[in-house]
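Asker: could you look at this predicted model? Sequence included:
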Amino acid sequence: MKRGVALVVALLLLASPASAQEVEPRTTLPDVEDEVMCPVCGTTLELATEAPQANRERELIRGLIAAGKTKEEIKDALVAEYGREILAVPDTEGFDLVAWLAPGAAILAAGVAIFLGLRRWRRDARDDAAEGRGGGSAEPPLGEADAKRLEADLKRYEP
């Protein structure tokens, strides 16, 4: 009985390190195609269908996948072959960091401008209401003589 328990424990101990190791998912062509560019077309490799160079690049990627390379290793090999321009996503350091920060800064600036514009518009509307210019004409009402003359002019043009 003790031998059976010891055998089960030994088997569990031997099996646990193998199952505890994380298996990295195998890289596929679609995983890489959307992150690298076609050197001829200037579009991502997944969109480049006509250029023979795109097909050669795909074959290179397939060969690296077959060799068991990870996504990062494949991208590094492509950079070594074609240069940094092959990557579709800019770096997150140096001058390329601007490509990540500029859109966010522009959206933030537009939001601040809209907020300030709405605030000023509401303040102007509140000031107009306080001064009695509630959206109507800014001119004073007609006097009695002017009102009669206007009425007579309008009657002249009626059929």
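Answerer: On my side now, so go ahead. Values in this document were obtained by computation on a predicted structure and should not be read as measured data. Numbering: from 1, shown residues only.
Asker: helix or strand right after the helix or strand where residue 111 lies?
Answerer: If you go by DSSP states H and E, residue 111 is part of helix 97-130. Downstream of helix 97-130, the next assigned helix or strand under DSSP H and E is helix 144-156.
Asker: may I have the predicted confidence score for residue 83?
Answerer: As predicted, residue 83 sits at a pLDDT of 87.
Asker: now the phi/psi pair for it, please.
Answerer: phi 100, psi 170 (degrees, to the nearest 10).
Asker: quick revisit: mind checking how far the helix holding residue 111 is from the chain centre?
Answerer: 21 Å (C-alpha atoms, centre = their mean, to the nearest Å).
Asker: stretch 53-62 too?
Answerer: That offset, for stretch 53-62, works out to 28 Å (C-alpha atoms, centre = their mean).
Asker: in that stretch, what counts as buried?
Answerer: 54, 57-58, 61 (16 or more other C-beta atoms under 10 Å). (C-beta placed from N, C-alpha, C; glycine too.)
Asker: what do you get for stretch 26-45?
Answerer: 27, 32-33, 35-39, 44-45.
Asker: quick one: mean pLDDT for that stretch?
Answerer: Here the average pLDDT along stretch 26-45 is 86.
Asker: and that stretch, end to end?
Answerer: 19 Å (C-alpha to C-alpha, to the nearest Å).
Asker: what does it contact?
Answerer: Under the criterion C-beta atoms under 8 Å, 6 or more residues apart in numbering, residues 46-48, 50-51, 53-54, 57-58, 61-62, 65, 69-71, 74-75, 78, 82, 85-89 lie in contact with stretch 26-45.
Asker: what mean pLDDT does the helix or strand residue 64 falls within get?
Answerer: Assigning secondary structure by DSSP H and E places residue 64 in helix 52-66. Throughout helix 52-66, pLDDT has a mean value of 90.
Asker: for that helix, name the packing helices and strands.
Answerer: When contacts are defined as 3 or more C-beta pairs under 8 Å, 6 or more residues apart in numbering; DSSP states H and E, helix 52-66 sits against helix 29-33, helix 71-82.
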